[in-house]
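K.L.:
pasting a predicted model and its sequence here:
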Amino acid sequence: MNILLFGKNGQVGWELQRSLSVLGTVTALDFDSADHCGDFANPAGVADTVRALRPDVIVNAAAHTAVDKAESEPEFARTLNATAPGAIAQEAARLGAWLVHYSTDYVFDGSGERPWVETDTPAPLNVYGRTKLEGEQLIQQSGARHLILRTSWVYAARGGNFAKTMLRLAQERERLTVIDDQWGAPTGADLLADVTAHALRHLQRQPQDAGLYHCVAAGETNWHLYAKEVLALAVQAQPAIKLKANEVAPVPTSSFPTPAARPHNSRLDTTHLQNTFGLRLPYWQAGVARMLAESL
């Protein structure tokens with residue numbers, strides 16, 4: 001199997017280089033790759049790359065993920081999140097190649113408390129969500145064989161993340177204030193990568209299971225409870241760590257105004273994914289504990 005991976009240096013792309021390597025030969029590109037165009041700001045260029053390499057599988061881990069910045073550069077966000085994936089999907093359809101693409105809980109408006117299922121009607125609140133939804137739709141309309149995984153609250157040991165930020169602030173400040181009215185499931189990039197490899201192997205045997213799925217770690221939390229769990233896990237993993245913070249106070253989203261509106265309910269129901277692919281997704285705490293053990 002020849003696999004073409006876009007976005008190799010992102011959190012998910014980095015883990016995919018590991019997980020996909022057992023399935024075949026992986027050509028991994030990023031926006032600054034020299035040999036072939038991996039820059040999603042150039043949709044025609046990435047389409048040319050697909051035509052030149054003729055992969056069996058294309059995995060797209062590239063995206064415009066700066067949610068607030070997208071509000072001030074909507075056309076650029078649309079190019080990266082919709083136009084380029086759409087161009088790749090058209091080439092995948094011509095080749096008969098599989099296309100794996102990652103989307104987001106931000107396609108929903110965050111209302112209610114029930115976990116979102118794949119058939120719920122999207123209603124994004126911001127530019128990022130709207131452009132990611134358009135990317136999904138262009139892929140679905142292309143006729144390409146595809147797997148779209150919607151996920152949320154992605155983190156990795158590589159690079160910055162919420163948990164590392166909380167640890168840094170807890171070593172600098174006596175009091176932290178963290179939002180407590182946004183709910184979701186922190187999901188490790190390594191988990192997404194492993195599910196992707198498993199699903200691709202399954203789809204080689206059962207292509208009828210192609211389509212859209214929700215993929216997040218099990219359980220749920222809010223950012224405030226997440227922060228408290230991170231600090232507790234850090235002390236367990238490294239008892240000598242010096243934390244100055246003696247209070248983690250809950251506050252509403254309104255305490256931290258941002259250019260882009262955030263959904264309050266980012267819960268995603270993964271029943272469809274687990275039943276179709278024979279998976280049992282681990283609880284979010286296990287992944288966060290492992291990430292902290294690697295990072296500290």
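P.N.:
Done, it's in. For clarity, every value in this text was computed on a predicted model and none was experimentally measured. Numbers count the residues shown, from 1 in each chain.
K.L.:
measure stretch 266-276 end to end?
P.N.:
22 Å (Cα to Cα, to the nearest Å).
K.L.:
buried stuff in that stretch?
P.N.:
By neighbour count on 16 or more other Cβ atoms under 10 Å, the buried set for stretch 266-276 is 266-268, 270, 272-274. C-beta: built from backbone N, CA, C; applies to glycine.
K.L.:
give me the contact list for stretch 44-55.
P.N.:
Contact partners of stretch 44-55, identified using Cβ atoms under 8 Å, 6 or more residues apart in numbering, comprise 2-4, 6, 27, 29, 36-40, 58, 84, 87-88, 90-92, 95, 97.
K.L.:
one more: stretch 240-254?
P.N.:
Residues outside stretch 240-254 that contact it (Cβ under 8 Å, 6+ apart): 167, 169-182, 224, 227-228, 231, 234-235, 262, 264, 296.
K.L.:
what sits against the closest residue to Leu133 other than its chain neighbours?
P.N.:
In space, Leu133 comes closest to Val107 once its chain neighbours are excluded; the distance is 4.4 Å by Cβ to Cβ, 6 or more residues apart in numbering. Residues near Val107 by Cβ under 8 Å, 6+ apart: 122, 124, 129, 132-133, 136, 150.
K.L.:
that older thread, hmm, which of the contacts of stretch 240-254 are the buried ones?
P.N.:
Neighbour-count burial (16+ other Cβ under 10 Å) is assigned, among these, to 167, 169-170, 176-182, 224, 227-228, 231, 234, 262, 264.
K.L.:
show me where pLDDT drops low in this protein?
P.N.:
Judged by pLDDT under 70, the chain has no weakly predicted residues.
K.L.:
which one in it is furthest away from the centre?
P.N.:
Distance from the C-alpha centroid of the chain peaks at Ala240, with 32.8 Å (Cα atoms, centre = their mean).
K.L.:
ok so that residue is a helix residue?
P.N.:
No - Ala240: not assigned to a helix; according to DSSP: H, G, I helix; E, B strand; the rest coil it is coil.
K.L.:
backbone dihedrals for it, both of them.
P.N.:
Main-chain torsions, Ala240, degrees, to the nearest 10: phi -80, psi 0.
K.L.:
same thing with Ser103?
P.N.:
Per degrees, to the nearest 10, the backbone of Ser103 is at phi -120, psi -160.
K.L.:
ok, now Ile148?
P.N.:
Dihedral angles of Ile148 (phi, psi; degrees, to the nearest 10) stand at phi -110, psi 120.
K.L.:
residues touching it, list them.
P.N.:
So Ile148 contacts 100-103, 136, 139-140, 211-213 (Cβ under 8 Å, 6+ apart).
K.L.:
helix or strand for Ile3, which one?
P.N.:
Using DSSP states H and E, Ile3 sits in strand 2-6.
K.L.:
can you list the helices and strands that the next helix or strand after that strand packs against?
P.N.:
Counting by DSSP H and E, the next helix or strand C-terminal to strand 2-6 is helix 11-19. Under the contact definition 3 or more Cβ pairs under 8 Å, 6 or more residues apart in numbering; DSSP states H and E, helix 11-19 sits against strand 2-6, strand 25-29, strand 154-155, helix 189-205.
K.L.:
rerun that using 6 Å as the cut-off
P.N.:
Using 3 or more Cβ pairs under 6 Å, 6 or more residues apart in numbering; DSSP states H and E, the elements in contact with helix 11-19 are helix 189-205.
K.L.:
name the residues of the very next helix or strand once past the helix it packs on that are buried.
P.N.:
Next along the chain after helix 189-205, taking DSSP H and E as the criterion, comes strand 211-214. By neighbour count with 16+ other Cβ under 10 Å, strand 211-214 contains the buried residues 212-214.
K.L.:
now do the helices in the chain.
P.N.:
With DSSP state H as the criterion, the chain has helices at 11-19, 43-53, 67-70, 74-78, 84-95, 127-142, 162-172, 189-205, 223-237, 271-277, 284-295.
K.L.:
dump those helices to a markdown table, plus distance to Pro250.
P.N.:
Below are the helices of the chain laid out as a markdown table (distance: least, Cβ to Cβ, whole Å):
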| stretch | distance to Pro250 |
| --- | --- |
| helix 11-19 | 27 |
| helix 43-53 | 43 |
| helix 67-70 | 22 |
| helix 74-78 | 31 |
| helix 84-95 | 37 |
| helix 127-142 | 25 |
| helix 162-172 | 14 |
| helix 189-205 | 27 |
| helix 223-237 | 4 |
| helix 271-277 | 30 |
| helix 284-295 | 19 |
